[in-house]
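A.B. asks: give me the fold of what follows.
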Amino acid sequence: MSDTAEPFPAWVYENKQGTVVGPVVLFSVLAIVAVILRFKCRSLARANIALDDWLILAALPVSIADAVCVAYSTKDGVGRHQQLVSEPALREGGEIFFTIQILWAISSSLVKLSILFLYQRIFGVLRYIRFSAWFLIVAVICWVIGVTIAHGMECTPIAKSWDVSLPGHCLDTVSLYMVGSISDVVLDFLILILPLPAIAKLQMRMSRKIELVAIFALGGL
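C.D. replies: The predicted model follows:
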């Protein structure tokens, strides 16, 4: 009898596609529910729909489109080791990933802007909040424009972003992605801590202040 050797080690055959699709579906459903409840609360309070509400509503379909692209990319091998993915699937997956990056930048910036305009509406009487929020609004707009242009022009021609066999050249895409992600996290952190000094100065029980801080921390998640 002759033994047939496995072409790859056993770990190459791992399939993590479920861990990609599961969180995407879960957080997409939570996002939809959160936006519906937000507008329901505005309706029950008979409050006018503000700019921050419209921005979060605009962010929802972009975020869902991004999530759909991430889930669809598992068809082209996302969640599987590269050794098991065919060249055509890698090219198609690269094209989808290119789309995912653009949608991520747009949806993330819309959510940030919604939060900042919410701060303007709630804490706008405080000068430091007003000026800091406007500074961050400009920073977010510059960020999304810069990231979108950078990813859109990371390769010449653009199609080389997902088909490395084409003639041309690309920027250091890994560094580009890292810079965009790190700056995104920094902006998130600055937006998260912006209202904390204002909350600390509110005339209310400490337990209530802690509750408000916890709500904003949940928003940071």
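
A.B. asks: show me where pLDDT drops low in the chain?
C.D. replies: The chain contains residues with pLDDT under 70 at 1-6, 8-13, 76, 79, 83-93, 218-221.

A.B. asks: how about the helices in it?
C.D. replies: Secondary structure of the chain by DSSP state H: the helices cover 17-44, 51-72, 87-123, 127-152, 173-193, 196-200, 206-220.

A.B. asks: so what's the gap between the first one and the chain middle?
C.D. replies: Its chain's C-alpha centre and that of helix 17-44 lie 14 Å apart, by Cα atoms, centre = their mean, to the nearest Å.

A.B. asks: could you list the buried residues of that helix?
C.D. replies: 17, 20, 21, 24, 28, 31, 35, 38 (16 or more other Cβ atoms under 10 Å). Heads up, the C-betas are built off the backbone N, CA and C, glycines and all.

A.B. asks: what does the longest one give?
C.D. replies: By neighbour count with 16+ other Cβ under 10 Å, helix 87-123 contains the buried residues 89-120, 123.

A.B. asks: same question for the fourth one.
C.D. replies: Of the residues in helix 127-152, those buried by neighbour count under the rule 16+ other Cβ under 10 Å are 129, 132-133, 136-137, 139-140, 143-144, 147-148, 150-151.

A.B. asks: same list, those residues, but as TSV with distance to residue 191 please.
C.D. replies: Converted to TSV, these look like this (distance: Cβ to Cβ, whole Å):
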residue	distance to residue 191
129	12
132	10
133	9
136	6
137	10
139	10
140	8
143	12
144	14
147	16
148	19
150	21
151	22
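
A.B. asks: closest to residue 58 out of those residues?
C.D. replies: Nearest to residue 58 among the buried residues of helix 127-152 is residue 144, at 12.8 Å by Cβ to Cβ.
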